[in-house]
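K.L.:
Sequence and predicted model, in that order:
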Amino acid sequence: MSEPRDAVADLRRIAFLLERAGESTYRVRAFRTAAAALRGRDPDELRRLHASGGLTELRGVGEVTARCVGESVSGEEPVYLRRLEDAVARADADGVPLADAAQRLRESLRGDCHSHTDASDGGSPLAEMAETAIGLGHDYLVVTDHSPRLTVANGLSAERLRHQLDDVAALNERIGATGSGFRVLTGIEVDILDDGGLDQSEELLARLDVVVASVHSKLRMPRAEMTERMLAAVANPHVDVLGHCTGRMVTGRRKRPESEFDAPRVFDACAEHGVAVEINSRPERLDPPKRLLRLAVEAGCDFTIDTDAHAPGQLDWLDHGCARAVACGVPPERVRNTRDAAGLLGS
């Protein structure tokens with residue numbers, strides 16, 4: 001009999017590839033839930049459960065995931081996983097590879113400054129996001145769950161954010177014991193309120209490593225008002241990054257036009273106040289549009305290239321942002337997450 005594979009790792013890899021491909025949340029959840037249910041169980045126990053048909057009696061394990069586990073513990077790559085890996089290989093062969101400059105930029109990125117966990121509207125817990133970031137070779141991951149006003153995204157109240165800071169500290173202590181050098185950095189994607197104020201207390205914002213400020217409401221606000229709103233936020237000393245600046249959605253059911261604002265004034269203010277302009281890598285956002293990204297380069301802005309990941313597999317979307325950055329002439333030295341954690345926090 002072949003040596004058993006790591007069934008939990010196979011389930012997590014399936015979930016990762018489904019997320020990377022933008023598949024439905026419910027399908028991804030089935031594999032992540034099963035992986036969580038089986039984590040820590042002895043392989044011999046899994047083999048016995050497979051042989052007796054008892055896997056599906058475990059909470060969170062269904063017929064499809066049980067079949068994958070059975071194949072894993074029998075020493076076979078699950079058919080489901082093999083099909084996904086084959087699809088990735090075909091896409092890589094048929095698609096247009098990253099240009100050399102974009103590939104070099106991607107390889108120089110040390111971390112991701114915009115990500116979400118299930119504390120707000122992400123699909124996985126903090127530890128899962130961190131584990132995936134480590135697997136991708138990141139040195140750090142900034143966790144930026146939403147602020148309280150965004151109730152549709154289960155934004156964090158001040159009390160819940162404080163609890164998250166404790167959770168990050170505890171997780172970093174556990175990761176530190178492994179000697180990996182990886183760190184989870186604290187952060188928030190804070191809503192820019194109608195008057196340009198920020199949707200969280202000054203005391204908490206001052207404690208965070210990275211503050212990403214984004215507009216999520218009244219996106220059709222008149223140009224002059226939106227400009228003043230964004231200028232006020234950018235001038236706030238707590239803000240480090242201006243997130244997905246136009247708020248547009250270019251694909252899917254949620255298509256949405258760009259917000260209108262005086263981009264030269266806003267980007268000049270970002271450069272003046274040391275606020276980086278985010279190059280958002282989500283395929284449905286790809287924000288800012290290229291014409292605005294070029295304006296930000298001309299204004300002398302710094303940048304971050306971020307995934308805005310809401311699931312572990314989405315942490316592998318940085319290629320999109322790197323390709324756009326190179327196409328628009330973004331100097332690599334002005335991309336802040338090419339720096340190590342100390343360099344990022346010293347920006």
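P.N.:
Good, I have the coordinates.

K.L.:
and Ala130, how many neighbours?
P.N.:
26 (other CB atoms under 10 Å). C-beta coordinates here come from the backbone N, C-alpha and C atoms, glycine included.

K.L.:
tell me the pLDDT at it?
P.N.:
pLDDT, Ala130: 98.

K.L.:
What helix or strand is it located in?
P.N.:
Per DSSP states H and E: Ala130 is located in helix 126-135.

K.L.:
Can you get me the centre-to-centre distance for that helix and its chain?
P.N.:
In terms of CA atoms, centre = their mean, to the nearest Å, the centre of helix 126-135 is found 10 Å from the chain centre.

K.L.:
Sketch out the strands for the stretch 1-150 of the chain, chain order is fine.
P.N.:
111-112, 140-143 (DSSP state E, counting those that start in this stretch).

K.L.:
Partner strands of the first one and their direction?
P.N.:
To tie it back to what came earlier, the one meant is strand 111-112. strand 140-143 (parallel) (DSSP bridges).

K.L.:
how distant is the strand it pairs with from the center of its chain?
P.N.:
Using CA atoms, centre = their mean, the offset of strand 140-143 from its chain centre is 9 Å.

K.L.:
To Pro257, which of the strands of the stretch 1-150 of the chain lies closest?
P.N.:
strand 111-112 (27.1 Å; CB to CB).

K.L.:
what does the closest one rub up against?
P.N.:
Contacts to strand 111-112, defined as CB atoms under 8 Å, 6 or more residues apart in numbering, come from residues 133, 138-142, 185, 306-307, 309, 315, 318, 337, 341, 344.

K.L.:
One more: stretch 280-289?
P.N.:
Contacts of stretch 280-289 (CB under 8 Å, 6+ apart): 22, 114, 243-252, 254, 258, 277-279, 296, 305-308, 314, 317-321, 324.

K.L.:
in it, what's buried?
P.N.:
By neighbour count on 16 or more other CB atoms under 10 Å, the buried set for stretch 280-289 is Asn280, Ser281, Arg282, Glu284, Arg285, Leu286, Asp287, Pro288, Pro289.

K.L.:
What residues are bridge-paired with the spatially most central residue of the chain?
P.N.:
Most central in the chain under CA atoms, centre = their mean is Ala309, positioned 2.3 Å from the mean C-alpha point. Note on Ala309: beta-bridge partners by DSSP bridges are Ser115.

K.L.:
That one and Gly321 touch, don't they?
P.N.:
No - the pair Ala309 and Gly321 fails to qualify as a contact (CB atoms under 8 Å) at a distance of 11.7 Å.

K.L.:
and the one helix or strand Pro264 maps to, how far out from the chain's middle?
P.N.:
Assessed by DSSP H and E, Pro264 sits inside helix 263-273. Distance of helix 263-273 from its chain centroid, counting by CA atoms, centre = their mean, is 25 Å.

K.L.:
ditto for stretch 169-179
P.N.:
Using CA atoms, centre = their mean, the offset of stretch 169-179 from its chain centre is 20 Å.

K.L.:
mind listing the helices for the chain?
P.N.:
7-20, 25-38, 43-52, 63-73, 79-94, 100-108, 126-135, 158-176, 202-207, 223-234, 263-273, 290-298, 318-327, 341-345 (DSSP state H).

K.L.:
Give the rounded mean pLDDT of the fifth one.
P.N.:
If I follow you right, that is helix 79-94. 79.

K.L.:
Any chance of CSV for the helices of the chain, columns distance to Glu333?
P.N.:
Formatted as CSV, those follow (distance: least, CB to CB, whole Å):
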stretch, distance to Glu333
helix 7-20, 29
helix 25-38, 37
helix 43-52, 48
helix 63-73, 45
helix 79-94, 29
helix 100-108, 10
helix 126-135, 23
helix 158-176, 28
helix 202-207, 27
helix 223-234, 22
helix 263-273, 15
helix 290-298, 12
helix 318-327, 12
helix 341-345, 11
